[in-house]
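*Asks:* sharing a model that was predicted from the sequence below.
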Amino acid sequence: MNTQDHTWIVVADGGKARVFEERERHGDLHELADWRENHGGEDVSHAHRHAQHATTDSPKAAAEAEFLQDLAGHIDIAARKKAFDKLVLIAPAKAIGVLRSALKTEAHDRIELTDSHDRTHEDARTLKEHLHKLRMP
C-alpha cells in the first residue's frame, strides 16, 4: 500500500459539497475552501427547467440531481488534471448513486471508498476518524 497517495474526500448531499484532501494516507484532512459549494437557495423555476434531464419527479429532486451532476463534472476535470490519486465519496445513498453514475471513467476508477451517510456538517478531525474506521479491514 502506498502511503503517499493523494486522496480527495468528497462529502456531499443534494445541496452542498465539501472537498477535503489527504496528502498522506491517515494524515490530516484539509478542506479545499474553493471547492465548497452551496445551492440551497436555488431558484425553483431554474430547477424546473432542468427537470426533464433528471429521473426525478419534483423540482427540488431535479435541482439536487443537477447539483450532483455538476459536482461530478468538476471532479472529472480535477481527475484529468491529476489533482488526486484516490477518491472517497461520502453522501446519502441516493446522492452517491447520482455521483457514481455521473463520474467519467478516469475519476470513477479512482474511487477507493464510499459511505452512504450525510456528513456535510462534520469537521476535518471527525471526518479523519471516520475515514480511518472505514479503511479498517
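*Replies:* Structure received.

*Asks:* shaky segments in this protein?
*Replies:* Filtered on pLDDT under 70, the chain yields the residue ranges 1-4, 36-57.

*Asks:* list the buried residues in the biggest helix by length in it.
*Replies:* If you go by DSSP state H, the chain has its longest helix at helix 59-80. Using 16 or more other Cβ atoms under 10 Å as the test for burial, helix 59-80 gives 59-69, 71-72, 75-76, 78-79. Every C-beta, even on glycine, is put in place using the N, C-alpha and C of the backbone.

*Asks:* show me where this protein has helices.
*Replies:* Under DSSP H, the chain gives helices at 44-49, 59-80, 93-102, 105-108, 124-135.

*Asks:* out of these, nearest to A17?
*Replies:* Among the helices of the chain, helix 59-80 comes nearest to A17, with 5.1 Å by Cβ to Cβ.

*Asks:* adding distance to L29, write the helices of the chain out as TSV.
*Replies:* Shown next, in TSV, are the helices of the chain (distance: least, Cβ to Cβ, whole Å):
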stretch	distance to L29
helix 44-49	31
helix 59-80	16
helix 93-102	19
helix 105-108	19
helix 124-135	4
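
*Asks:* compare these and give me the one nearest D118.
*Replies:* helix 93-102 (8.4 Å).

*Asks:* quick check: angle from the closest one to helix 59-80?
*Replies:* Relative orientation of helix 93-102 versus helix 59-80 (axes from the mean of the first three to the mean of the last three Cα atoms, to 10 degrees): 50 degrees.

*Asks:* just the buried residues of helix 93-102, please?
*Replies:* So, applying 16+ other Cβ under 10 Å, buried residues of helix 93-102: 94-96, 98-100, 102.
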